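> can't give you the sequence, but here's the structure:
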Ligand code: FES
């Protein structure tokens, strides 16, 4: 009996010491950070593929196909910054997270990662999150990806293949070199890959130009599920046209919202701006040089929270966090009437100061 008690005590201490409790205690840990280690990195043109593991080789928190993690790092000026990246992997495994990062010319985190990140570095991330998930169904599935939008689509393709569904992956890109995971996609069993190139090589036998709703509808018909991860303009048009054709199940995740073509006045703390030409209320506010805090521009960090005093708006991006009844994330909305907002402006407050987190991208570069 005493031996059994000691054995149980030893096992408990061992598991806690190894950090297993992190993966058992739910759901508060969803707001905490994971310390991950970069075990492999591969460059493909403007893309960086990362493989991240637990430093002790433990299993990582389970992710669902379509979810993303936030990476916390520092930009080239040393300022804290976080960005959301979709998991590009078979989510039935928990040994690693795989991400694809595009080098954006004005990307604060992506530029720092491209310049400094190397195998062995430690990176902080969130737990997997996000509501862009694959619904269970027996109906055919059409996944439409544009550029780096392939990442959640790849995870969904794995999941759908396991569900033994008919799966089409339609990938829109400029050139063949821009296709991420091309060899892998061609090898995936049961995946019906369709590639559309706007700048095809002369001997290209596949689809040339931009796909349209008629092309998608012909693949799978009205009952199919259509999932999109591509530019806002392309996605909005395809979903609208598919609706006219009779498709009933369309789901989308946007890289960013399309710029507003409508002009609505926005007032924040007595300063006036206008929605026209901006991708979100946040962009309109920043264009008016109001120093509202922000970081991710994707509904993940919560820094751009504002109070709605008056007016109507629509959600153009799905936020990953909740707000109180009269608050909203400015990066996720567009006005549908004149808007009056108020916000606490603390120009120096940063995401690092708002959280109790550790240092983010720990590179060994000097
Ligand atoms: S800027 Fe991060 S939630 Fe709006």
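All right, it came through fine. This structure is a prediction, so every number in the text was calculated from the model and none was measured. Residues are numbered from 1 along each chain as shown.
> and residue 138, what is it in contact with?
For residue 138, the contacting residues are residue 165, by Cβ atoms under 8 Å, 6 or more residues apart in numbering. Quick note: C-beta positions are derived from backbone N, CA and C, even for glycine.
> Local confidence estimate at it?
You'll see residue 138 listed with a pLDDT of 92.
> give me the element it is part of.
Following DSSP states H and E, there is no helix or strand that holds residue 138.
> Does whatever residue of the stretch 1-150 of the chain ends up closest to the ligand belong to a helix, a strand or coil?
As assessed by Cβ to the nearest ligand atom, the ligand sits closest to residue 82 within the stretch 1-150 of the chain, at 7.9 Å. Assigned with DSSP: H, G, I helix; E, B strand; the rest coil, residue 82 falls in the strand class.
> How about the contacts made by it?
By Cβ under 8 Å, 6+ apart, the contact list for residue 82 reads 70, 71, 72, 73, 109, 295, 296, 300, 301, 351, 360.
> ditto for residue 81
Contacts here follow Cβ under 8 Å, 6+ apart; on that basis residue 81 touches 72, 73, 74, 75, 108, 109, 112, 295, 351.
> How many neighbouring residues does the third one have?
A count of nearby residues for residue 74, using other Cβ atoms under 10 Å, gives 19.
> Can you tell me how far it is from residue 106?
Residue 74 is 16 Å from residue 106, where distance means Cβ to Cβ, to the nearest Å.
> Please identify which of the contacts of residue 81 is nearest to residue 169.
Ranked by distance to residue 169 (Cβ to Cβ), these are led by residue 109 at 27.6 Å.
> After the helix or strand that closest one falls within, heading C-terminal, what element do we hit next?
Here residue 109, judged by DSSP H and E, is contained in helix 108-116. Per DSSP H and E, the first helix or strand lying C-terminal to helix 108-116 is strand 122-126.
> And the ligand, is that next one touching that?
No: with Cβ under 6 Å from any ligand atom as the criterion, the ligand is not reached by strand 122-126; the gap is at least 12.5 Å.
> what distance separates that strand from the centre of its chain?
Put simply, strand 122-126 sits 15 Å off its chain's centre (Cα atoms, centre = their mean, to the nearest Å).
> and the angle for it with helix 108-116?
Angle, strand 122-126 to helix 108-116, by axes from the mean of the first three to the mean of the last three Cα atoms, to 10 degrees: 160 degrees.
> and strand 122-126, what does it pack onto?
strand 33-44, strand 68-74 (3 or more Cβ pairs under 8 Å, 6 or more residues apart in numbering; DSSP states H and E).
> now, of those strands, which is deepest in the fold?
Per-stretch averages of neighbours, counted by mean count of other Cβ atoms under 10 Å, single out strand 68-74 among those, with a mean of 25.
> elements contacting that strand?
strand 80-86, strand 97-102, helix 108-116, strand 122-126.
> Settle this for me: residue 180 is touching residue 149, isn't it.
No: checked against Cβ atoms under 8 Å, the pair residue 180 and residue 149 is beyond contact range at 9.5 Å.
> separation between residue 285 and the ligand?
Computed as Cβ to the nearest ligand atom, to the nearest Å, the residue 285 to the ligand distance reads 11 Å.
> Over to residue 249?
Counting by Cβ to the nearest ligand atom, the gap from residue 249 to the ligand is 28 Å.
> swap in residue 278?
Going from residue 278 to the ligand by Cβ to the nearest ligand atom gives 14 Å.
> what's the answer for residue 172, then?
27 Å.
> Tell me how many other residues crowd that residue.
Residue 172 has 25 neighbouring residues, counting by other Cβ under 10 Å.
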